[in-house]
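Trainee: Below: sequence and its predicted model.
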Amino acid sequence: MAIKRGVSLYSYQNETFQGKMSLEDCIRTSAELGANGIEIIGEQTFWGWPEVGVEDAAIDNWHSLIKKYDCTPVSHDFMLDYKRYKGRIMPHDEQVASVKNDIDFGARLGMKFIRALVSIDPQVLVDAAQHAEEKGLKILIEVHAPLHFDHPWIIRHAEAFEKSGSNALGFLPDMGMFLHAFPPVLVERFRRMGVPDEIADYIVKAYDDRVLSEYVIHNVREMGGEGPAIAMAETSRHNAAYEPKRMLDYMPRIHNIHGKFYQMNEDYVEPSIPYDEIVKVLQQGGYDGYICSEYEGNRWIEDVEEPDSVEQVRRQQVMLARLLGEDETPALKAAA
């Protein structure tokens, strides 16, 4: 089976928050682009989740829209507020119960998966796995920069998953961990914040040369950098340029992909993430799930312009369709 295209509605967060796009707008727009897999963050898409709950009418409307636009529910990305209590971590049993609550919510939505944040203890997920099996979905830990598949914390999850013997546990790699170049939109934002050109240029060059982040921060201080310049240097602690091929060893448990991107140019290229290489690796590994667009460049440009998330998602979907060898170019329908 071929790799499929989808969209995380997180990509439309600006338009959603500002009331410019309804849930139907988000689903319809994605469907028009041929991105029929729909991923959500519960708190963004459904008012009241998880503290208040979601009424059946809202769930019915969701299913109606999914059917209307011939889409597939893919993933509910949940949060675990294990630090909600001041001065102490949420007890283990309460964490498991919280995950089970999100499993139930994902099942109500017809999701195949629920996404777990990378900070969650693996034993919490293992102890919730049987409930996920009973509900017919999988729990996927998001492998997100600065972590990666060779990081001890991710290896610990992998070992726990294998030891559990459960098929309801897996991984959701975020393509931001394959950031092979410093994103131009980040550079431009830091320049606008007052980072001197010589320091900005040095940080970009140091990232290209894979200089250790602590050295970069130290050198920027030595160059007289302060405030925004230090902040720009510190992004190298989070940004990562790992190898896409490392996904191959984990492919049996990889069931969804976050197609992170910061900027899609007019020529349909993401200048910082090598999607041509990524798609080849996924195809080599026999991956047949969704790549869900996840636009995150909005926060880096909204100081000077209104983000056009729809156009950015459209461009990424065109890129993905081309890389996947599709015959048709994704396009939005003209407004009536």
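Mentor: Cool, got the structure.

Trainee: Helices along the stretch 1-150 of the chain, start to end?
Mentor: Using DSSP state H, counting those that start in this stretch, the helices of the stretch 1-150 of the chain run over residues 13-17, 23-32, 42-45, 56-68, 92-108, 122-135.

Trainee: roughly how far is the fourth one from the heart of the chain?
Mentor: By that I understand helix 56-68. 24 Å (Cα atoms, centre = their mean, to the nearest Å).

Trainee: Could you export it as CSV, CA atoms only?
Mentor: In CSV, the C-alpha atoms belonging to helix 56-68 read as follows (Å, rounded to 0.1, in the frame of the first residue of the first chain):
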residue,chain,number,x,y,z
ASP,A,56,-22.4,13.7,22.0
ALA,A,57,-23.7,16.4,19.6
ALA,A,58,-20.2,17.6,19.0
ILE,A,59,-19.0,14.1,18.4
ASP,A,60,-21.9,13.4,16.0
ASN,A,61,-21.0,16.6,14.1
TRP,A,62,-17.4,15.4,13.8
HIS,A,63,-18.5,12.1,12.3
SER,A,64,-20.9,13.8,10.0
LEU,A,65,-18.1,16.1,8.7
ILE,A,66,-15.7,13.2,8.3
LYS,A,67,-18.3,11.3,6.2
LYS,A,68,-19.3,14.4,4.2
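
Trainee: Not counting its neighbours along the chain, what's nearest the spatially most central residue of the chain?
Mentor: Centroid-nearest residue in the chain: H258, 4.1 Å away (criterion: Cα atoms, centre = their mean). Excluding the flanking residues, the one nearest H258 by Cβ to Cβ, 6 or more residues apart in numbering is D174, at 4.2 Å. C-betas here are computed from N, CA, C, even on glycine.

Trainee: quick one on the thing from earlier: tell me the secondary structure at the residue nearest to the centre of the chain.
Mentor: strand (DSSP: H, G, I helix; E, B strand; the rest coil).

Trainee: Contact partners for it?
Mentor: 8, 142, 144, 172-176, 292, 294 (Cβ atoms under 8 Å, 6 or more residues apart in numbering).

Trainee: Just give me the closest of those to V99.
Mentor: E142 (13.9 Å; Cβ to Cβ).

Trainee: dump the residue contacts of the nearest residue to M223 once chain neighbours are set aside.
Mentor: Of all residues not flanking M223 in the chain, I199 sits nearest, at 5.6 Å (Cβ to Cβ, 6+ apart). Applying Cβ under 8 Å, 6+ apart to I199 gives the contacts 220, 223, 225, 229, 232.

Trainee: Check A331 too.
Mentor: Here A331 is in contact with 32-33, 314 (Cβ under 8 Å, 6+ apart).

Trainee: I'd like the distance between it and L212.
Mentor: Going from A331 to L212 by Cβ to Cβ, to the nearest Å gives 45 Å.

Trainee: Likewise for V96?
Mentor: V96 is 38 Å from L212, by Cβ to Cβ.

Trainee: which of the two has more neighbours?
Mentor: Neighbour tally, V96 and L212, criterion other Cβ atoms under 10 Å: the higher count belongs to V96, 20 against 11.

Trainee: For the more buried one, give me its contacts.
Mentor: Applying Cβ under 8 Å, 6+ apart, the residues near V96 are 124, 127-128.

Trainee: Neighbours of the closest residue to it other than its chain neighbours, how many?
Mentor: Spatial nearest neighbour of V96, chain neighbours left out: D127 (4.7 Å); criterion: Cβ to Cβ, 6+ apart. D127 has 18 neighbours, counted by other Cβ under 10 Å.

Trainee: repeat for E266
Mentor: E266, neighbours per other Cβ under 10 Å, totals 7.

Trainee: quick check, nearest of the contacts of V96 to A107?
Mentor: A128 (12.7 Å).

Trainee: Do I have it right that the closest one meets N101?
Mentor: No - here A128 lies out of contact with N101, judged by Cβ atoms under 8 Å, at a distance of 9.8 Å.

Trainee: who has more neighbours, those two?
Mentor: A128 (26 against 17).

Trainee: Tell me the spacing between that one and I139.
Mentor: Taken as Cβ to Cβ, the span from A128 to I139 is 6 Å.

Trainee: Please apply the same query to Y69.
Mentor: Y69 is 27 Å from I139, by Cβ to Cβ.

Trainee: Compare these two and say which is more crowded by neighbours.
Mentor: Shown here are Y69 and I139; by other Cβ under 10 Å, I139 has more neighbours (29 against 16).

Trainee: Leaving out sequence neighbours, find the closest residue to P274.
Mentor: Spatially, and ignoring its direct neighbours in sequence, P274 is nearest to H180 (5.3 Å; Cβ to Cβ, 6+ apart).
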